[in-house]
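> give me a model of this one.
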Amino acid sequence: MSFLPKPLNKTLNSLSILTSTLRHFTAQSTAAAKPFPHDPTSAYYDELATAAGKSGDLDVFRDLLNKRIEDCCFNTKRTFNFLTNTSSIDDLIPTLSNLNPGFTRKSAFDSLVNRLCRLNRVDDAMSVVENMARDGTFSLTASTFYPIINILNRKKSTHHVRRVVDLMARLGVQRDLTVHNLFLMKHCFAADMAAAAEVLRKIEEDGLVADSRTFDALVIGACKSGKVEGAMVLVRRMVDDGVPMLYSTHMYVIGALLEKGCFEQSVKYVKCFCGKDKALDADIYGCLASKLAKLKRVKEAMMVLEEMKQRGLSMGDKLKTFYERNGV
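Reported below is the predicted structural model:
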């Protein structure tokens, strides 16, 4: 039984949420509810939302979602943690449709889509999107579709991905750079550079500018195709254009160089990017040493670890153990 009145048209204040929610879910029978914090966090709201969701009290859940946005505690991937593979969303969708219109409502729907995709419930996620389209109080954006496209790409479900793209077109949702990058990564990871080139053409056609993830996908594609020289050209382009490099970009280049037996070039590559960021230095030197150790290139790995020690770079536990075991 709900402990809040059904027709609740305005958001509860912090004290009201404290009294109703904490008394119902967290207070002991002989203890008073602890005070609602003056400066609540998103994590705190997630705890309350989980408790309300598990109890099935969607009135409380609705009011928590309204109030958290007012307190600038935005929804997270944990907001809908109470959902499981067997939980129905039939009652939840009307609840979200009664949230404050605009950002509050859209943010909640987006978070629900994300959670459903994490549970591998893509059909339910698509159902939520269709309800969003019928809502009419906000404009759908490409970001809603990110988790759906991502999971379908991982599952290599080309037919279902096409359904999503068609739905976006039907709803008038323009594909942004992130959507293009998701498809680009899919093709590059499969070393399908012809399909990747088509995505690049579409990015240019849409007037978008390649970012770190665009280049990261292309570098991965070049490495997986065995074209290390092409990967190095892309890295040079990133440096010249001032595009920040992701850790994965460095990792794939180092790995590709070592697969070609280019130890000296891999060391030169690492040194080229060293000296600006201590954390990055430790990461890329550590990546090189770890890959050498896995290749059983003990002598070369120890050379890299010695340089890390000289530079005062931190080593992970496995590298420390390797260094101590193989040191003189």
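> what about the closest residue to Asp71 other than its chain neighbours, neighbour count?
Spatial nearest neighbour of Asp71, excluding adjacent residues (C-beta to C-beta, 6 or more residues apart in numbering): Pro40 at 5.7 Å. All C-beta atoms are positioned from the backbone trio N, CA, C, and that covers glycine. For Pro40, the neighbour count with other C-beta atoms under 10 Å is 18.
> what do you get for Cys72?
8.
> ok, Arg163 next?
15.
> by contact count, what packs against the helix or strand hosting it?
Using DSSP states H and E, Arg163 falls within helix 158-170. Taking 3 or more C-beta pairs under 8 Å, 6 or more residues apart in numbering; DSSP states H and E as contact, the helices and strands that helix 158-170 lies on are helix 122-135, helix 146-154.
> so the shortest one versus helix 158-170, what angle?
Angle, helix 146-154 to helix 158-170, by axes from the mean of the first three to the mean of the last three C-alpha atoms, to 10 degrees: 150 degrees.
> from Val122, how far out is Val128?
Taking C-beta to C-beta, to the nearest Å as the measure, Val128 falls 11 Å from Val122.
> what's the per-residue pLDDT of the closest residue to Leu246 other than its chain neighbours here?
If the residues on either side of it in the chain are set aside, Leu246 comes closest to Asp216, at 4.8 Å by C-beta to C-beta, 6+ apart. For Asp216, the pLDDT comes out at 97.
> need the phi and psi values for Asp216.
Reported as degrees, to the nearest 10, the phi and psi values for Asp216 are phi -60, psi -50.
> which residues touch it?
By C-beta atoms under 8 Å, 6 or more residues apart in numbering, Asp216 lies in contact with 185, 245-246, 248-249.
> same thing but 10 Å
Neighbouring residues of Asp216 by C-beta atoms under 10 Å, 6 or more residues apart in numbering: 181, 184-185, 188, 234, 238, 243, 245-252.
> now it: how far from Phe80?
Separation of Asp216 from Phe80 (C-beta to C-beta) stands at 30 Å.
> got a list of what Gly226 touches?
Counting by C-beta under 10 Å, 6+ apart, Gly226 has contacts 191, 256, 259-260.
> could the residues you listed go into CSV alongside secondary structure?
Formatted as CSV, those follow (DSSP: H, G, I helix; E, B strand; the rest coil):
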residue, secondary structure
Ala191, coil
Ala256, helix
Glu259, helix
Lys260, coil
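> just the helices from the stretch 1-150 of the chain, written as ranges.
With DSSP state H, counting those that start in this stretch as the criterion, the stretch 1-150 of the chain has helices at 14-17, 23-25, 42-55, 58-70, 92-97, 103-118, 122-135, 146-154.
> as TSV, those with mean neighbour count and mean pLDDT would be great.
As requested, the helices of the stretch 1-150 of the chain are exported to TSV (neighbours: other C-beta atoms under 10 Å; pLDDT from 0 to 100):
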stretch	mean neighbour count	mean pLDDT
helix 14-17	16	46
helix 23-25	15	46
helix 42-55	19	94
helix 58-70	22	95
helix 92-97	18	95
helix 103-118	21	96
helix 122-135	17	93
helix 146-154	19	95
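> in CSV, list these along with distance to Tyr323.
Formatted as CSV, these follow (distance: least, C-beta to C-beta, whole Å):
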stretch, distance to Tyr323
helix 14-17, 53
helix 23-25, 50
helix 42-55, 38
helix 58-70, 47
helix 92-97, 53
helix 103-118, 38
helix 122-135, 46
helix 146-154, 36
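> since that was my last question, I'll sign off now.
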